[in-house]
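>>> pasting the structure only:
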């Protein structure tokens, strides 16, 4: 019988001292990033956040050298994007007085066009992200040429009435579903029946302006980064629930597009919606079939509530109508299920819910957060992590204009035709 050779007893590994489990709160936060793509953009963004502010403070905020900040500030003042403010009062120290700079909102605007399923919204926004004017009109048809020519024809009148002599730098255009910002194309919008519509080229031809294009969810995420919630600058998910249902993702400070610009397509997440409202995807259990505005109007009719549109149904719920309220609470639970999945998949700093009902009916936001508390394995504090949009009441006018504003803050010394004579 073959025997094994003798072996020495195994060496017992050294056991490290027992410590308490590492908690998420114990993990140190990374150093905050500079969210702008260029040095000039970093300077302009710091002034947006803190202006009026001294150049020396901008240097500390951005990590750029004082000489670099001074050079960029001079160029931005020359372009009319910054203005010099009066020196701060108080005793003078040695050297030149500190002259603060601020965003110049008196010379330029950006325009926005949001194309929804039933209407278009045209807007003007100042360089601090404030809506100056808006004009919403229903579609007379959904042919792309008709819709876009109509938008372009309304812009001169809106500017004459509300522009106060300011120049429009660019037009931002946003819509739902699959949009390719680099190509400037609406790849697919099922409700409008649009496929491969060259949105940027058509609006540029119609207006003569530089045009920037993106999905409305990504546009609203960028607006949050610029002039909304600071928590969205590093890591965020934005969940949009309207006639279209989609999302946007912020990772490492950038709004994620995906290699085919299709990021954010969450409409058909299975959330167990059930019922008899069938989605375009062929099921009755997806997110869109449970929470979209047209689906809600159809559910209301099935419950004996005849309303002309979603805002009218929301009015009934706000007035305390029992059946309408029940429909919205059910909708909030479905949104909470989707929010739980997104929170667990991406572990964002914050999830922003863009939903008229969550803002107008406090009970809906409470139910949504309660669903997250029950279902999410990652989110420990839904009240902090799940928040409404910063732009309640102005979501659509903000979305379109934010596309152009974001492009300006990314590269303010780039090729902006209306500013070329000042550079």
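Alright, I've got the coordinates. Just so you know, these numbers come straight off a predicted model, no measurement behind them.

>>> the helix ranked longest in the chain: what's the following helix or strand?
Counting residues, the longest helix found in the chain (DSSP state H) is helix 322-346. Moving toward the C-terminus from helix 322-346, the next helix or strand (DSSP states H and E) is strand 350-354.

>>> how big is the angle separating that next one from helix 322-346?
150 degrees (axes from the mean of the first three to the mean of the last three CA atoms, to 10 degrees).

>>> can you offset everything so residue one is 51?
Sure, I'll start counting at 51 from here, so that last one is strand 400-404.

>>> pLDDT of strand 400-404, averaged?
Confidence for strand 400-404, expressed as mean pLDDT, is 98.

>>> that older thread, in the longest helix of the chain, what counts as buried?
Across helix 372-396, burial judged by 16 or more other CB atoms under 10 Å covers 374-375, 377-393, 396. C-beta here means a position set from N, CA and C on the backbone, and glycine is covered the same way.

>>> buried residues, stretch 148-164. List them.
So, applying 16+ other CB under 10 Å, buried residues of stretch 148-164: 150-155, 157-164.

>>> quick check: end-to-end length of it?
42 Å (CA to CA, to the nearest Å).

>>> the buried residues of stretch 148-164 into TSV, with extra columns for secondary structure, pLDDT and distance to residue 216?
TSV is the format used below for those (DSSP: H, G, I helix; E, B strand; the rest coil; pLDDT from 0 to 100; distance: CB to CB, whole Å):
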residue	secondary structure	pLDDT	distance to residue 216
150	coil	95	22
151	strand	97	19
152	strand	97	16
153	strand	98	13
154	coil	97	10
155	coil	96	9
157	coil	96	6
158	strand	97	6
159	strand	98	5
160	strand	98	10
161	strand	98	11
162	strand	98	15
163	strand	98	18
164	strand	98	21
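
>>> start to end distance for stretch 304-320?
27 Å.

>>> residue 459 belongs to a strand?
No. Residue 459: not assigned to a strand; according to DSSP: H, G, I helix; E, B strand; the rest coil it is helix.

>>> pull the contacting residues for it.
86, 91, 94-95, 98, 276 (CB atoms under 8 Å, 6 or more residues apart in numbering).

>>> from these, which ones fall inside helices?
Short answer: these in helices (DSSP H) are 91, 94-95, 98, 276.

>>> top of those residues by neighbour count?
Neighbour counts for the ones in helices among the contacts of residue 459 (other CB atoms under 10 Å) peak at residue 94, which has 29 neighbours.

>>> just checking, that one touches residue 129?
No. Residue 94 lies out of contact with residue 129 (CB atoms under 8 Å); the separation is 9.9 Å.

>>> quickly list what's touching both of these two.
residue 462.

>>> and stretch 174-192, how far apart are its ends?
Termini of stretch 174-192 sit 23 Å apart (CA to CA).

>>> what is the burial count for residue 137?
For residue 137, the count of nearby residues is 13 (other CB under 10 Å).

>>> tell me who's in contact with residue 279.
Applying CB under 8 Å, 6+ apart, the residues near residue 279 are 286, 400, 402, 437, 440.

>>> repeat that with 10 Å
286, 399-400, 402, 437-440 (CB atoms under 10 Å, 6 or more residues apart in numbering).

>>> how close does it get to residue 236?
Separation of residue 279 from residue 236 (CB to CB, to the nearest Å): 28 Å.

>>> got the contact list for the helix or strand hosting residue 106?
If you go by DSSP H and E, residue 106 is part of helix 105-112. Under the criterion CB under 10 Å, 6+ apart, residues 82, 84, 86, 89, 91-97, 99-101, 103-104, 114-120, 122-124, 134, 148-151 lie in contact with helix 105-112.

>>> list buried residues within those.
Applying 16+ other CB under 10 Å to the contacts of helix 105-112, the neighbour count classes 84, 86, 89, 91-97, 99, 101, 103-104, 114, 118-120, 122-123, 150-151 as buried.

>>> how is this protein divided into domains?
Annotated domains of the chain cover 85-136, 158-270+446-472, 281-439 [automatic domain parsing].

>>> partner strands of the helix or strand in which residue 187 is found and their direction?
Using DSSP H and E, residue 187 maps to strand 181-188. Here strand 181-188 is paired, per DSSP bridges, with strand 169-175 (antiparallel).

>>> quick one: low-confidence ranges for the stretch 51-200 of the chain?
Applying pLDDT under 70 to the stretch 51-200 of the chain flags the ranges 51-87, 138-147.

>>> could you redo the last one with a cut-off of 90?
Scanning the stretch 51-200 of the chain for pLDDT under 90 picks out 51-88, 135-149.

>>> who are the contact partners of the residue nearest to residue 415 when sequence neighbours are not counted?
Excluding its sequence neighbours, the residue lying closest to residue 415 (CB to CB, 6 or more residues apart in numbering) is residue 408, at 4.5 Å. Neighbour list for residue 408: 289, 291, 378, 381-382, 385, 414-419, 436-439, 442 [criterion: CB under 10 Å, 6+ apart].

>>> which residues in the chain form helices?
For the chain, the helices defined by DSSP H occupy 89-100, 105-112, 116-128, 194-212, 249-257, 266-277, 337-341, 343-352, 360-368, 372-396, 406-410, 412-425, 432-435, 445-460.

>>> those helices into CSV, with extra columns for distance to residue 310?
Formatted as CSV, the helices of the chain follow (distance: least, CB to CB, whole Å):
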stretch, distance to residue 310
helix 89-100, 26
helix 105-112, 33
helix 116-128, 35
helix 194-212, 21
helix 249-257, 17
helix 266-277, 14
helix 337-341, 20
helix 343-352, 27
helix 360-368, 31
helix 372-396, 19
helix 406-410, 30
helix 412-425, 30
helix 432-435, 29
helix 445-460, 19
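
>>> test my guess that residue 285 contacts residue 399.
Yes. With contact taken as CB atoms under 10 Å, residue 285 and residue 399 are classed as touching, separated by 4.2 Å.

>>> any residues in contact with both of these two?
residue 300.
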